[in-house]
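Novice: Just the structure for this:
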Amino acid sequence: MADDFTRPTFFSNDWFDRVEGDVDPAVRLQLASETAQALLARVRSGADPGVVERILRVAREDGIDTVAELWSQARPHSLPGALWRVNLLHALVTQRAPEAAALYQEGADALHTAAPVVAGVPAPASPAELRALTETILRGVFAGDFALALERAAAFATVTAAGAVEAAHRDEAMHPERAGERTRMAASLADIAGDLQVCARMWRSESLV
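Specialist: Predicted coordinates:
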């Protein structure tokens, strides 16, 4: 898996494309790490339910906008890199819930692994259940078992990637352009899943910074 992460282009939210070009890369990476650590420390300090709910509301309504721009350039296997990837998955479900639910269910039907169980979405998956999953994952990131939250996010990405592959195969003959989009989506989601799994292991070994 490449260390350099190219942001997926299948999310139609313009804040993904806003990057301040006048910030020195080294400064940006330092800010990304500091903001990620500060956010988790702020929210986890006493696990204030009100603070957690405010963070969840911001993520649900707007994404973690400006801060996420910094995280987008962070190393994949880092704290800000992990938060960026969780935010990407949340954005996918927020913006394209019916499509995400259909792909997730297709992936769950095709896979013969524990990934659907780890993700924890009841079958058949619905848009509302996927939204509930990402809320649960975000809550775990900010107030629960961080490594478990990353593992659930990784499992969700794995299952949805499998569904995108199935959809691409089905569309290949009649809709090659859509099949290509699904293939790219599957590759991006698979990369995200792998990175989050690594981050979960690093968090448990206290080496994720």
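Novice: Three-state assignment for residue 206, please.
Specialist: Classification of residue 206 into helix, strand or coil gives coil, according to DSSP: H, G, I helix; E, B strand; the rest coil.
Novice: could you measure it against residue 149, distance?
Specialist: Residue 206 sits 16 Å away from residue 149, taking C-beta to C-beta, to the nearest Å as the criterion. In this view, the C-beta of every residue, glycine as well, is placed from N, C-alpha and C.
Novice: Now stretch 104-116: average pLDDT?
Specialist: Per-residue pLDDT values over stretch 104-116 give a mean of 96.
Novice: What is the end-to-end distance of it?
Specialist: The distance separating the two terminal residues of stretch 104-116, taken as C-alpha to C-alpha, to the nearest Å, comes to 9 Å.
Novice: still on that earlier bit, and residue 206 and residue 149? which has more neighbours close in?
Specialist: residue 149 (23 against 7; other C-beta atoms under 10 Å).
Novice: residue contacts, the more buried one?
Specialist: When the contact criterion is C-beta atoms under 8 Å, 6 or more residues apart in numbering, the partners of residue 149 are 86, 137-141.
Novice: Would you confirm that residue 83 contacts residue 71?
Specialist: Yes. Residue 83 is in contact with residue 71 according to C-beta atoms under 8 Å; the separation is 5.4 Å.
Novice: does residue 156 really touch residue 137, like I thought?
Specialist: Yes. Counting by C-beta under 8 Å, residue 156 touches residue 137, with 7.5 Å between them.
Novice: More neighbours: which of those two?
Specialist: Remark: of residue 156 and residue 137, residue 156 carries more neighbours, 32 against 26, as counted by other C-beta under 10 Å.
Novice: and that one, what helix or strand is that in?
Specialist: helix 146-171 (DSSP states H and E).
Novice: same thing with residue 125?
Specialist: Counting by DSSP H and E, residue 125 is found in no helix or strand.
Novice: my read: it touches residue 99, true?
Specialist: No. With contact defined as C-beta under 8 Å, residue 125 does not count as touching residue 99 (11.5 Å).
Novice: Please say which of the two ends up with more neighbours.
Specialist: Neighbour comparison, residue 125 and residue 99: the larger count goes to residue 125, with 26 against 18 (by other C-beta under 10 Å).
Novice: tell me the contacts of the more buried one?
Specialist: Taking C-beta under 8 Å, 6+ apart as the criterion, residue 125 is in contact with 101, 104-105, 108.
Novice: what's it sitting at in phi/psi?
Specialist: As for residue 125, its main-chain torsions (degrees, to the nearest 10) stand at phi -70, psi 140.
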